[in-house]
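Visitor: how does the following fold in three dimensions:
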Amino acid sequence: MITQHKFFPLALLTLLLNGCASTLQTTEHGSDSNSITLPWSGRVFCAMPEEGLSLSNSPCNLLAWQNFAHMSLQMSDDARQKLLSELPDTELGRAQTALLQSHPDSPHQIRQQNQWVLMEMASTLPPELAEYFRWLLRHQQQLLETEQAVHTLTRMNTQHQQTISQLEKEISEKKTQIEALTEIESKLNASSAEESRDGQ
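Guide: You can find the predicted model right below:
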């Protein structure tokens with residue numbers, strides 16, 4: 001049950017980000033170019049889409065952020081922690097930190113806190129980059145709410161199971177008491193019948 005609970009959020013977030021990736025596909029099949037079509041702009045040419053992240057509004061930078069978000073999902077916990085320790089204390093570093101700490105394996109409370117960090121950052125970013133961050137925020141919030149719903153249902157199910165177990169225990173105890181009383185009554189009836197025969 002625990003394994004399924006951990007797998008579900010990761011699978012859901014991977015599908016969500018893959019949906020975003022599908023909008024960033026190469027438009028010229030069979031070509032070495034990095035010409036792409038973004039949902040928020042026209043066709044552009046990215047000479048080096050992996051050249052590094054910034055807080056600029058260029059379409060190539062938007063693609064780099066999408067690649068970073070997708071990559072962070074594939075990283076192990078050790079790899080994420082190593083990268084987190086190397087990030088500078090800058091606006092760019094804080095944005096990367098917030099995305100890395102939004103991984104489904106991170107504690108729920110930390111991920112929720114990073115929602116506020118990303119939301120605050122999005123209010124100061126260039127419009128199109130801010131819109132991408134808000135897109136991530138919406139889908140991460142959906143994941144958090146889904147996990148919370150699963151957690152609530154799991155807790156309720158556990159409580160119900162405990163109640164059922166308690167009722168079954170009480171029923172078993174009552175059944176034992178009834179059997180004991182029945183046995184006593186049978187003995188009393190047998191004793192009474194024997195006394196009646198002796199009196200005759």
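
Visitor: in this structure, what spans have low per-residue confidence?
Guide: 1-51, 193-200 (pLDDT under 70).

Visitor: go with 50
Guide: 1-13, 15-38, 40, 49-50 (pLDDT under 50).

Visitor: all strands of the chain, in order?
Guide: Using DSSP state E, the strands of the chain run over 35-37, 43-45.

Visitor: I figured G93 hits L84, correct?
Guide: No - the criterion here is CB atoms under 8 Å, and G93 misses it with L84 at 9.3 Å. Placement of C-beta: from N, CA and C, glycine included.

Visitor: tally of neighbours for L125?
Guide: A total of 19 residues lie near L125 under the criterion other CB atoms under 10 Å.

Visitor: phi, psi of it?
Guide: phi -80, psi 160 (degrees, to the nearest 10).

Visitor: who are the contact partners of it?
Guide: Neighbouring residues of L125 by CB atoms under 8 Å, 6 or more residues apart in numbering: L55, F133.

Visitor: ok, it to H151 distance?
Guide: 32 Å (CB to CB, to the nearest Å).

Visitor: got it, and R80?
Guide: For R80, the distance to H151 - CB to CB - is 23 Å.

Visitor: out of those two, which sits in the busier spot?
Guide: Shown here are R80 and H151; by other CB under 10 Å, R80 has more neighbours (17 against 12).

Visitor: that one contacts H103, correct?
Guide: Yes - at 6.3 Å, R80 counts as touching H103 under the criterion of CB under 8 Å.

Visitor: give me the common contacts of the two.
Guide: S72.

Visitor: helices and strands around the biggest helix by length in the chain, which ones?
Guide: For the chain, the helix reaching the highest residue count under DSSP state H is reported as helix 127-199. Under the contact criterion of 3 or more CB pairs under 8 Å, 6 or more residues apart in numbering; DSSP states H and E, helix 127-199 touches helix 2-22, helix 59-74, helix 108-122.
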